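S.K.: what's the 3D shape of this:
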Amino acid sequence: MKELEQKVASEVAENEFDQWADAMDLDLDESNMDAEDLAAYMKQKRRLIRQIEQGHLTFNDDGEAVYTPHNTKTKHDKPVVFHERTGAALMASDGKKKNHHVSMMYAMMGDMCKVHPSVFAGMAGIDAKVCESLFNFLMD
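M.R.: Numbers count the residues shown, from 1 in each chain. Reported below is the predicted structural model:
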């Protein structure tokens, strides 16, 4: 496996993650999580911190996550800003068919990021995982 370059120190990356969580008013109190929720939380948090360390995930002046896709198989290579969730983001899934959960999720992600949902459909590997992790944190 290729060794990835660390551009941001682990401690700094952890601090940036915490600042983002505070800016987005995320409830990440681990003492209130059961074992399953804690395991999922830690996995997604580690994924995001690795991307911060590598310089692919940054935060703008409004505290919003800015992710730059980097998988060579991903069609979209421009930064995607994960704006704070709104009611409109939730409503974006209203027109989707029942049980089309991924379509609903990508519609909401598209609304939050001000991009077409197909941007996420065209992401591969780590890019899709990171965007879905950001979405999961913001929707909780």
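S.K.: Would you mind identifying the next helix or strand past the one helix or strand in the chain whose mean pLDDT sits lowest?
M.R.: Ranked by mean pLDDT, DSSP states H and E, the weakest helix or strand in the chain is helix 87-91, scoring a mean of 56. With elements assigned by DSSP states H and E, the helix or strand that comes after helix 87-91 is helix 101-113.
S.K.: Mind listing what's buried along stretch 73-88?
M.R.: 74, 76, 80, 82, 83, 85 (16 or more other CB atoms under 10 Å). Yep, even glycine has a C-beta here, placed from its N, CA and C like the rest.
S.K.: how about the strands in this protein?
M.R.: Per DSSP state E, the chain carries strands over the ranges 57-59, 65-67, 80-82.
S.K.: Of those strands, which is nearest residue 120?
M.R.: Closest to residue 120 of those, according to CB to CB: strand 80-82, at 8.5 Å.
S.K.: Show me what the closest one is packed up against.
M.R.: strand 65-67, helix 101-113, helix 125-139 (3 or more CB pairs under 8 Å, 6 or more residues apart in numbering; DSSP states H and E).
S.K.: Run the angle between the second one and helix 125-139 for me.
M.R.: Helix 101-113 runs at 70 degrees relative to helix 125-139, counting by axes from the mean of the first three to the mean of the last three CA atoms, to 10 degrees.
S.K.: just checking, what packs against helix 101-113?
M.R.: Under the contact rule (3+ CB pairs under 8 Å, 6+ apart), helix 101-113 is packed against strand 80-82, helix 87-91, helix 118-121, helix 125-139.
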